[in-house]
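Asks: One predicted model, sequence on top.
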Amino acid sequence: MREWYAQALGIDFNVGDGATFAPREAGADTVFSLFDAMSEYIGDPTRQGAMVNFLVDDLDGVVERLRDRGDHAEPIQDEGYGRFSWTVDPEGHRIELWQPAQDPSE
């Protein structure tokens with residue numbers, strides 16, 4: 001699993017540890033959302049009780065990387081607050097990929 005996450009999503013694990021994520025910038029958000037227990041949005045509700053959402057800087061690049069590897073990547077959806085796609089890890093966990101919308105003042 002560590003190898004898949006490293007190769008597919010570029011997430012490096014510390015030896016014998018998990019991955020550490022530092023805030024991208026001051027004031028960066030951490031989001032905790034609740035869904036109905038039978039929601040299929042997070043994946044198969046009989047197998048998966050939560051879904052990880054990774055913020056990415058280049059969603060097109062991540063989706064291309066996944067597809068080039070032969071991994072599943074759902075079509076990108078554009079929302080007012082960002083762009084989204086989803087993939088599934090080798091154990092069947094659905095993962096959300098989110099590129100937040102840019103602040104128009106930037």
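Replies: Received the coordinates, thanks. Residues are numbered from 1 along each chain as shown.

Asks: what residue ranges in this protein are flagged as low confidence?
Replies: Along the chain, the model assigns pLDDT under 70 to residues 15-16, 23-32, 34, 103-106.

Asks: Would you state the helices of it in chain order?
Replies: 2-9, 59-68 (DSSP state H).

Asks: Out of those, which is closest to P90?
Replies: Closest to P90 of these, according to Cβ to Cβ: helix 2-9, at 5.2 Å. (Each C-beta comes from the backbone N, C-alpha and C, glycine too.)

Asks: about what we covered before: got TSV for the helices of the chain, with distance to Q77 and mean neighbour count too?
Replies: Shown next, in TSV, are those (distance: least, Cβ to Cβ, whole Å; neighbours: other Cβ atoms under 10 Å):
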stretch	distance to Q77	mean neighbour count
helix 2-9	18	14
helix 59-68	10	16
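
Asks: could you redo these as JSON lines and give each row distance to E96?
Replies: Converted to JSON lines, these look like this (distance: least, Cβ to Cβ, whole Å):
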{"stretch": "helix 2-9", "distance to E96": "12"}
{"stretch": "helix 59-68", "distance to E96": "11"}
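
Asks: I76 touches W86, doesn't it?
Replies: No. Here I76 lies out of contact with W86, judged by Cβ atoms under 8 Å, at a distance of 9.8 Å.

Asks: the more surrounded of these two?
Replies: W86 (21 against 15; other Cβ atoms under 10 Å).

Asks: Compute the distance between that one and G61, please.
Replies: 16 Å (Cβ to Cβ, to the nearest Å).

Asks: for this protein, what spans make up the strands?
Replies: 52-55, 77-79, 82-88, 94-100 (DSSP state E).

Asks: Could you tell me the end-to-end distance of stretch 7-22?
Replies: Length of stretch 7-22, first residue to last, Cα to Cα, to the nearest Å: 20 Å.
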